[in-house]
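Trainee: no sequence for this one, just the structure:
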């Protein structure tokens, strides 16, 4: 079963014990106009290395499967694609310490009792 898709797709990579595992990000609109997100496993030709969160446009792909414990596990085999680049990495801002004001108090002031 061939797959024809002309929009860009984001590939997610996870490095595991047996090498890299890939999945592609999916999205769809529901009847109440909300967006649902999902993932589908995918594989590439031998020797192809794709970085995490890379945008691609599929040129040639098909639906395939593996059998695991007599159950079908589907995946998309991406034979050829055009790499559009990686998503920009978002730098996390350091969280401000919520106890910063308390650290500046002096212990002597706290120990003085008003009576």
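Mentor: Here it is on my side, so go on. The model shown is predicted, which means the values in this text are computed figures rather than measured ones. Numbers count the residues shown, from 1 in each chain.
Trainee: buried stuff in the helix or strand hosting residue 43?
Mentor: Per DSSP states H and E: residue 43 is located in strand 35-44. Buried positions in strand 35-44, judged by neighbour count with 16 or more other Cβ atoms under 10 Å: 42, 43, 44. Every residue, glycine included, has its C-beta placed from N, CA and C.
Trainee: now stretch 44-52
Mentor: So for stretch 44-52, counting by 16+ other Cβ under 10 Å, buried means 44, 50.
Trainee: hmm, back to that, list the pairing partners of the strand holding residue 43 within its sheet, with orientation.
Mentor: Applying DSSP bridges, strand 35-44 is found paired with strand 19-29 (antiparallel), strand 71-86 (parallel).
Trainee: pLDDT score for residue 84?
Mentor: pLDDT recorded at residue 84 is 85.
Trainee: Does it touch residue 50 like I think?
Mentor: No: assessed by Cβ atoms under 8 Å, residue 84 is found out of contact with residue 50, at 11.5 Å.
Trainee: where in this protein is pLDDT low?
Mentor: Counting by pLDDT under 70, the chain shows low-confidence ranges at 86-95, 97-115.
Trainee: same thing but 90
Mentor: 1-8, 16, 18, 26-27, 82-115 (pLDDT under 90).
Trainee: quick one: residue 42 and residue 20 touch, right?
Mentor: No: assessed by Cβ under 8 Å, residue 42 is found out of contact with residue 20, at 11.1 Å.
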